[in-house]
Every structure is written in C-alpha cells, then in structure tokens.
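> Quick one, structure for this:
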Amino acid sequence: MVLKRTNVYADDEDLALIKEAAARIGVSEAELIREGIHRIALARRVWDKPFVEDGETFDLGGPVTREAVRDAVSDGFSEREARNRGHAA
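Next up, the predicted model:
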C-alpha cells in the first residue's frame, strides 16, 4: 500500500481520544487515523449495482433462531472487545 501525506484538522478532544486508544492497544496514532479514514471511505462507498437484487434470498441453512442470533452477536462483541484491547480473539 502506497501512503500519501495529507493534512486533517481535528478537535483536541478527538485527538486526545485517539492518543489514548493508540497507547492502550499499542499502535501509532497515525495507524488509528488511517483505519478511521478507511472505514468511513468504505461506509460511504456507492456500488454500481445492488448487493442483493429484489426477490433474491440467502440460504442460511434452515430457520435462524433467536438464540443463534444472540450467540452470534455476543461472540462478535467479545471478539471485537478483545481486538480493541490489543489481543486476538
């Protein structure tokens, strides 16, 4: 990946949060800023064609229960928390 330098203006409070998070998880502040830029760029991306067409469905292998959804969300949350603390889940 080729990096290009740019200037960004940010609030002091946001910069303090970035500094704190970077120290907590052991990465550079620049790395967190690059990750934030990447995430917002992907979140705002517009695709030429829809991901799912009208009437298209996905086979999830049978009925999805409330418990299965709860477990998946709980597992995902736990993995994210571990990543945020700088530990692989």
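
> Which residues are in contact with residue 25?
84-86 (C-beta atoms under 8 Å, 6 or more residues apart in numbering). Glycine gets a C-beta too; all of them are placed from N, C-alpha and C.

> how about those residues in JSON lines, adding pLDDT and secondary structure?
Formatted as JSON lines, the contacts of residue 25 follow (pLDDT from 0 to 100; DSSP: H, G, I helix; E, B strand; the rest coil):
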{"residue": "84", "pLDDT": "80", "secondary structure": "helix"}
{"residue": "85", "pLDDT": "80", "secondary structure": "coil"}
{"residue": "86", "pLDDT": "72", "secondary structure": "coil"}
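
> Now do the helices in this structure.
Taking DSSP state H as the criterion, the chain carries its helices at 12-25, 29-43, 66-84.

> quick one, phi psi at residue 8?
phi -130, psi 140 (degrees, to the nearest 10).

> hmm, who's touching stretch 78-88?
Here stretch 78-88 has contacts from 24-27, 89, using C-beta under 8 Å, 6+ apart.

> The same query, at a cut-off of 10 Å, please.
With contacts defined as C-beta atoms under 10 Å, 6 or more residues apart in numbering, stretch 78-88 is touched by 21, 24-27, 89.

> Residue ranges in this structure under the pLDDT threshold?
For the chain, the stretches with pLDDT under 70 are 87-89.

> what residues go with each domain of it?
8-46, 61-89 (automatic domain parsing).

> of the ones you listed, which approaches residue 1 most closely?
Among the domains of the chain, domain 8-46 comes nearest to residue 1, with 9.3 Å by C-beta to C-beta.

> returning to what we had before: how about CSV for the helices of the chain, with distance to residue 5 added?
Listed next are the helices of the chain as CSV, based on distance: least, C-beta to C-beta, whole Å:
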stretch, distance to residue 5
helix 12-25, 18
helix 29-43, 10
helix 66-84, 27
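
> Of those helices, which is nearest residue 53?
helix 29-43 (21.6 Å).

> Tell me how far that closest one lies from the chain's centre.
9 Å (C-alpha atoms, centre = their mean, to the nearest Å).

> Between helix 12-25 and it, find me the angle.
110 degrees (axes from the mean of the first three to the mean of the last three C-alpha atoms, to 10 degrees).
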